[in-house]
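Novice: fold the following for me, if possible:
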Amino acid sequence: MSKGRILVVEDETDIANLLHIFFTNRGYEVEAAGSGSEAFLRTRSKLPDLIILDIMLPDMNGFEICRKLRTTTRTSHIPIVFLTQRDERSDVIAGLELGADDYVTKPFDMEELGLRVRNAINTHRRTNMTDPRTGMPAARLVEEQLRQLIRSKGWTYVEIHIDYLPSFRDQYGYIAADEVLRYTSTVLNEVMNDLGGPKDFVGQAGDQTFIIITYADNASIIVSELQHRFNGKIGSHYSFQDIEQGGIQGPNGSPLPFIQLTCGMVTSETRRFSDIREITETATRSRYRI
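Specialist: Below you'll find the predicted structure:
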């Protein structure tokens, strides 16, 4: 299992390659971006667990990138480690004021950077900031977003449950089940990239449950598109034999259904909620009626 997904935003090819080799050899999944625009594209397509961000880039500086990531709900939680020139104290202060988690100065010690990256990712996971399997915002960040809903208007909360995942896990094992979770998170991010807005939030509330909080007026379209894309490729996670027989063989000899998504929605337009438990329980009760 990967130790985490790192996005290296660095336009100097030699440094980018050095970082790619170093972290890949230590068990991380590494992607590189040579510009700010490429960094945003890669972050939107697959959320990293951490970003190593150079301040000097060809199209925009690292401060602009950090500011945009921190003011976009879906990326605001991602740890950022700045790369800065030696003795540029003003750069360090500016980066930390924008919400960067750490910094290292060039030329940097690779082992020191490796420790800082490992500690930042582990801290986020220990404090339930992100799920280690998917990199999605997890319990603590989900709860923070839910608490904001009580004071907000114009939102729709969508609860997405992966049905029959335990049966799949029993048949294929934990690694295969984790791949299904990663597949689900990828589909969620793709759909929200296409149909969501900058204030929208996507998170993982439990082992089989993801959530969407959207302020767009097309929540039903988002749910329909999510189910359509998910169903389109979920069969690739099954063996040919199970596909042929219509599912995993159950204890009584009949096939169990394929994994599918069930979704429930609640919106601030239909009623007022006094606490977050009301929101989640209402969504759960409505899940099978969608």
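Novice: list the buried residues for stretch 48-63?
Specialist: Neighbour-count burial for stretch 48-63, with 16 or more other C-beta atoms under 10 Å as criterion, is recorded at 48-55, 57, 61-63. For glycine as for every other residue, the C-beta is placed from the backbone atoms N, C-alpha and C.
Novice: tell me which helix or strand comes right after the helix or strand where residue 17 lies.
Specialist: For residue 17, the enclosing helix or strand under DSSP states H and E is helix 13-25. The helix or strand immediately downstream of helix 13-25 is strand 29-33, counting by DSSP H and E.
Novice: that following strand - what's its average pLDDT?
Specialist: Summarised as a single mean, pLDDT over strand 29-33 is 94.
Novice: packing partners of it?
Specialist: Of the remaining helices and strands, those touching strand 29-33 by 3 or more C-beta pairs under 8 Å, 6 or more residues apart in numbering; DSSP states H and E are strand 5-9, helix 13-25, helix 36-45.
Novice: of those, flag the one that's most buried.
Specialist: Among the helices and strands packed on strand 29-33, judged by mean count of other C-beta atoms under 10 Å, the one packed with the most neighbours on average is strand 5-9 (a mean of 24).
Novice: which helices and strands sit right next to that strand?
Specialist: Counting by 3+ C-beta pairs under 8 Å, 6+ apart, strand 5-9 packs on helix 13-25, strand 29-33, helix 36-45, strand 50-54.
Novice: the first one versus strand 29-33: what angle between them?
Specialist: What that stands for is helix 13-25. Helix 13-25 and strand 29-33 are oriented at 160 degrees to each other (axes from the mean of the first three to the mean of the last three C-alpha atoms, to 10 degrees).
Novice: and helix 13-25 with strand 50-54, angle?
Specialist: Note on geometry: by the same axes, to 10 degrees, helix 13-25 and strand 50-54 are set 160 degrees apart in direction.
Novice: now do helix 13-25: everything it contacts.
Specialist: Outside of helix 13-25, the residues that reach it under the criterion C-beta atoms under 8 Å, 6 or more residues apart in numbering are 6, 8, 10, 30, 32, 34, 52, 54, 110, 113-114, 117.
Novice: can you tell me the average pLDDT over it?
Specialist: Helix 13-25 shows a mean pLDDT of 94.
Novice: chain center to it: distance?
Specialist: Centroid separation for helix 13-25 versus its chain: 23 Å, with C-alpha atoms, centre = their mean, to the nearest Å.
Novice: alpha carbons only: can I get it in PDB?
Specialist: Coordinates of each C-alpha in helix 13-25 appear next as PDB, following Å, rounded to 0.1, in the frame of the first residue of the first chain:
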ATOM      1  CA  THR A  13      13.400  19.300 -14.100                       C
ATOM      2  CA  ASP A  14      16.500  18.100 -12.200                       C
ATOM      3  CA  ILE A  15      14.900  18.900  -8.800                       C
ATOM      4  CA  ALA A  16      11.500  17.500  -9.800                       C
ATOM      5  CA  ASN A  17      13.100  14.200 -11.000                       C
ATOM      6  CA  LEU A  18      15.200  14.000  -7.800                       C
ATOM      7  CA  LEU A  19      12.200  14.400  -5.600                       C
ATOM      8  CA  HIS A  20      10.200  11.900  -7.800                       C
ATOM      9  CA  ILE A  21      12.900   9.200  -7.400                       C
ATOM     10  CA  PHE A  22      13.500   9.800  -3.700                       C
ATOM     11  CA  PHE A  23       9.800   9.600  -2.600                       C
ATOM     12  CA  THR A  24       8.900   6.800  -5.100                       C
ATOM     13  CA  ASN A  25      11.700   4.700  -3.600                       C
END
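Novice: just want the angle from it to strand 5-9.
Specialist: Orientation check (the same axes, to 10 degrees): helix 13-25 against strand 5-9 gives 170 degrees.
Novice: can you confirm residue 177 is in a helix?
Specialist: Yes: when the secondary structure is assigned by DSSP: H, G, I helix; E, B strand; the rest coil, residue 177 falls within a helix.
Novice: go ahead and confirm it touches residue 169.
Specialist: Yes: with contact defined as C-beta atoms under 8 Å, residue 177 reaches residue 169; the gap is 3.9 Å.
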